[in-house]
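A.B. asks: coords please:
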Amino acid sequence: MFRDRVDAGRRLARRLEYYKGSGAVVLAIPRGGVVVGDKVAEELNLPLDLIIPRKIGAPGNPELAIGAVVTRDRPMINEPLVQELGVPDSYIESEIEEQLNEIIRRRKLYLGDRAPIPLKDRVVIIVDDGLATGYTALAAINAVKQQYPEKLVLAIPVAPADTYDRMKRKVDEIVCLEVHELFFAVGQFYEDFSQTTDAEVIDILSKYRNSYQSTDV
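C.D. replies: As a prediction, this is how the structure comes out:
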């Protein structure tokens with residue numbers, strides 16, 4: 001059990017101590033993952049950037065993920081579930097476009113004109129506040145792989161056993177503080193799992209402004 005996301009981030013940083021000052025890049029998944037990633041980056045003296053996967057919700061049930069997207073290339077689609085629900089291609093294409101626009105909006109909101117930190121030939125540590133199905137994290141992993149990092153690490157405080165087993169085959173290294181068989185939601189493992197606000201994300205990322213270059217440069 002974690003007190004809150006700050007506690008989870010500090011505990012995760014201790015497990016990642018060997019990356020301290022290594023020049024690795026911490027990529028946080030907003031919004032809650034940014035609080036965790038902040039503590040990882042802060043304690044390991046690493047730059048912090050964002051990776052923004054967006055869930056594609058099922059028709060009439062937006063909380064049920066039928067996929068996830070980060071970039072237009074290689075969206076993650078749960079084909080068996082799509083076929084089971086009879087979801088038309090037109091719906092999926094429309095949802096992908098909508099979520100890509102939301103990704104652009106959020107990055108602009110959180111980071112302004114700061115360009116992404118280059119990932120090629122660097123160790124990249126993807127951080128979130130926990131995994132459930134792992135679909136959004138998997139979309140983030142696939143997007144990062146397209147940038148040819150030297151090594152890809154997934155670091156999370158908690159995950160269900162089946163998701164952990166599936167994800168560890170997708171990355172070079174996985175660091176997870178707690179793996180549970182009985183798992184209902186990430187929030188059950190936090191005393192305080194209150195929603196992270198956009199204002200909190202913006203405030204955290206402002207500390208790392210020197211890690212970025214303006215897109216106007």
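A.B. asks: tell me the contacts of the spatially most central residue of the chain?
C.D. replies: Central residue of the chain (C-alpha atoms, centre = their mean): residue 29, 2.9 Å from the mean position. By C-beta atoms under 8 Å, 6 or more residues apart in numbering, the contact set of residue 29 is 37, 50, 51, 52, 53, 126, 127, 128, 136, 137, 140. Using the backbone N, CA and C atoms, a C-beta is placed for each residue, glycine as well.
A.B. asks: Among those residues, which one sits closest to residue 84?
C.D. replies: residue 136 (20.5 Å; C-beta to C-beta).
A.B. asks: picking that back up, sort out which of the contacts of residue 29 are in strands and list them.
C.D. replies: Counting by DSSP state E, these place 50, 126, 127 in strands.
A.B. asks: out of these, who has the most neighbours?
C.D. replies: residue 127 (32 neighbours; other C-beta atoms under 10 Å).
A.B. asks: any idea what sits nearest it, other than its immediate chain neighbours?
C.D. replies: Closest residue in space to residue 127, ignoring its immediate chain neighbours: residue 37 at 4.0 Å, by C-beta to C-beta, 6 or more residues apart in numbering.
A.B. asks: Mind putting the ones in strands among the contacts of residue 29 into a markdown table with pLDDT and distance to residue 160?
C.D. replies: Converted to a markdown table, the ones in strands among the contacts of residue 29 look like this (pLDDT from 0 to 100; distance: C-beta to C-beta, whole Å):
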| residue | pLDDT | distance to residue 160 |
| --- | --- | --- |
| 50 | 97 | 25 |
| 126 | 98 | 18 |
| 127 | 98 | 18 |
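A.B. asks: out of those, who's nearest residue 97?
C.D. replies: Within the ones in strands among the contacts of residue 29, distances to residue 97 taken as C-beta to C-beta reach their minimum at residue 50, with 20.5 Å.
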